[in-house]
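*Asks:* all I have is the shape, not the residue letters:
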């Protein structure tokens, strides 16, 4: 196992988490790596932390640039990387000690251009495992390109877009670097999916040793006024890449559903623009303003829905619940335990399941039914919205 792996970490204002991230990489059981830290114009102490580590460990390569966004930092990292393999980490996450070694073993055992693993999604003490929907195995990429982005259930990726759970042959990434640097939403997808289309083989595995840590400052929770514009830029770029590679016939439906997923997650009010003023939440079949709801889920989608609906009419939301309510309360959110639904059941018209993934939404639905919530009061995305109608 003598291949040099370049682990690229874009860094921007991550001082509270950076020590744990860097330490977890430097402590890897696989020793043949360099750590490429790309400081993207941090205004806190992040750069100083990177400099401190770089002075003490020769495996670290620190580069700095003016703030240009995470995609620019990723591209800079690829250019600076000396390894024949490239891995990734985000500055506020961490990896278990044998994680890199496991990825390298998978790559060397399969000879694959890309290794796609699972990862942990950490919310407080809850460590959910997020896997690729395509089952473990070694595939020709052309065999799975028709389900790599959208696996058939809303919204479940065939191959998750996160770069931090992937290991790439370096030359593959260097060939897909002509990317629109204005892309912000889905910057990892803009790198991954064209690379999959260019690759010969991919190894998909359930190896899991990377911890994505969700916290109040996670970038996925940041809300911008022009979310729809950012998403359209990403989808337009991916459409061009599919057309360039003559695979639009197998990518178009996937990209249409992917666009819908991103819009509902990042700017759910987008779908209400053509509806009458007294109707909101069109992806859920539409809810009249005089009707009352409970929002089940306080993650990214739940926070989007809560902010949107309470901004329109605070009286519509009778409660907001989540199993991780303790954590969300620590973040300052008025979230209650799921059992609170029963206290409000007679007051409400619907429980809105604020989870983007069909498998999880079905589990929540089953739980609500067992609690005694009538099925007609439980709503998730309509078949039409999910492209099933």
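*Replies:* Yep, it's here. As the structure is a computational prediction, the values presented were derived from the model and not from experiment.

*Asks:* tell me where the stretch 101-250 of the chain has helices.
*Replies:* Taking DSSP state H, counting those that start in this stretch as the criterion, the stretch 101-250 of the chain carries its helices at 141-144, 170-174, 187-198, 227-244, 248-266.

*Asks:* in the second one, what counts as buried?
*Replies:* Read that as helix 170-174. Buried residues in helix 170-174, counting neighbours by 16 or more other Cβ atoms under 10 Å, are found at 170, 172-173. Placement of C-beta: from N, CA and C, glycine included.

*Asks:* dump the residues you listed into JSON lines; add pLDDT and distance to residue 192 as well.
*Replies:* Below are the buried residues of helix 170-174 laid out as JSON lines (pLDDT from 0 to 100; distance: Cβ to Cβ, whole Å):
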{"residue": "170", "pLDDT": "97", "distance to residue 192": "15"}
{"residue": "172", "pLDDT": "96", "distance to residue 192": "11"}
{"residue": "173", "pLDDT": "95", "distance to residue 192": "10"}
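
*Asks:* and of those, the nearest to residue 319?
*Replies:* The nearest member of those to residue 319, counting by Cβ to Cβ, is residue 173 at 46.3 Å.

*Asks:* out of the helices of the stretch 101-250 of the chain, which comes closest to residue 163?
*Replies:* Once the helices of the stretch 101-250 of the chain are compared by Cβ to Cβ, helix 187-198 is nearest, at 4.7 Å.

*Asks:* quick one: mean pLDDT for the closest one?
*Replies:* Per-residue pLDDT over helix 187-198 has a mean of 96.

*Asks:* hang on, the earlier thing: among the helices of the stretch 101-250 of the chain, which is the most enclosed?
*Replies:* helix 187-198 (a mean of 22; mean count of other Cβ atoms under 10 Å).

*Asks:* got the angle for it vs helix 248-266?
*Replies:* 170 degrees (axes from the mean of the first three to the mean of the last three Cα atoms, to 10 degrees).

*Asks:* in the chain, which residue sits furthest out from the middle?
*Replies:* In the chain, counting by Cα atoms, centre = their mean, residue 346 sits farthest out from the average C-alpha position, at 36.1 Å.

*Asks:* how about the nearest residue to residue 49 once chain neighbours are set aside, what does it touch?
*Replies:* Counting by Cβ to Cβ, 6 or more residues apart in numbering, residue 49 lies nearest to residue 18, which is 4.9 Å off, once chain neighbours are set aside. By Cβ atoms under 8 Å, 6 or more residues apart in numbering, the contact list for residue 18 reads 11, 46, 49-50, 91-92.

*Asks:* among the residues you listed, name the ones in strands.
*Replies:* Counting by DSSP state E, those place residue 11 in strands.

*Asks:* distance to residue 350 for the contacts of residue 18 - can I get that in TSV?
*Replies:* Below are the contacts of residue 18 laid out as TSV (distance: Cβ to Cβ, whole Å):
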residue	distance to residue 350
11	43
46	44
49	47
50	48
91	39
92	35
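
*Asks:* need the max-distance pair from the contacts of residue 18.
*Replies:* Checking these with Cβ to Cβ, the most distant pair is 50 and 92, at 13.8 Å.

*Asks:* and the helices of the stretch 101-250 of the chain: which comes nearest residue 101?
*Replies:* In terms of Cβ to Cβ, the element of the helices of the stretch 101-250 of the chain nearest to residue 101 is helix 170-174, at 18.3 Å.

*Asks:* helix/strand/coil for residue 333?
*Replies:* coil (DSSP: H, G, I helix; E, B strand; the rest coil).

*Asks:* pretty sure residue 88 is touching residue 163, no?
*Replies:* Yes: the pair residue 88 / residue 163 is scored as a contact, 4.1 Å apart, by Cβ atoms under 8 Å.

*Asks:* ok, back up a step: give me the phi and psi angles of the residue nearest to residue 49.
*Replies:* phi -70, psi -40 (degrees, to the nearest 10).

*Asks:* quick one: low-confidence ranges for the stretch 151-300 of the chain?
*Replies:* Low-confidence segments of the stretch 151-300 of the chain (pLDDT under 70): 216-225, 276.

*Asks:* swap the cut-off to 80 and go again
*Replies:* Where the stretch 151-300 of the chain drops to pLDDT under 80, the residues are 175-178, 180-182, 215-225, 274-277.

*Asks:* nearest to residue 287 among the contacts of residue 18?
*Replies:* residue 92 (35.0 Å).

*Asks:* okay, now the closest one: neighbour count?
*Replies:* 22 (other Cβ atoms under 10 Å).

*Asks:* and for the residue lying closest to it once chain neighbours are set aside, the neighbour number?
*Replies:* Leaving out its chain neighbours, the residue that sits closest to residue 92 by Cβ to Cβ, 6+ apart is residue 17, at 3.8 Å. Residue 17 has 17 neighbouring residues, counting by other Cβ under 10 Å.

*Asks:* is it true that residue 17 touches residue 211?
*Replies:* No: look at residue 17 against residue 211 with Cβ under 8 Å: they stay out of range, at 11.0 Å.

*Asks:* what do the two both touch?
*Replies:* With Cβ under 8 Å, 6+ apart as the test, residue 17 and residue 211 both reach residue 93.

*Asks:* quick one, phi psi at the closest residue to residue 279 other than its chain neighbours?
*Replies:* Closest residue to residue 279 apart from its sequence neighbours, by Cβ to Cβ, 6+ apart: residue 286 at 4.5 Å. For residue 286, the backbone dihedrals (degrees, to the nearest 10) come out as phi 90, psi 130.

*Asks:* measure residue 286 to residue 264 for me?
*Replies:* In this view, residue 286 and residue 264 are 14 Å apart by Cβ to Cβ, to the nearest Å.

*Asks:* for residue 234, same thing?
*Replies:* Applying Cβ to Cβ, the value for residue 234 to residue 264 is 15 Å.

*Asks:* contacts for the host helix or strand of residue 6 next, please.
*Replies:* Counting by DSSP states H and E, the element that carries residue 6 is strand 5-11. Residues from elsewhere that reach strand 5-11 (Cβ under 8 Å, 6+ apart): 18, 21-22, 25, 30, 32-40, 42, 46-47, 50, 70, 73-74, 77-78, 80-91, 100, 104, 167, 170.

*Asks:* alright, that wraps it up for me.
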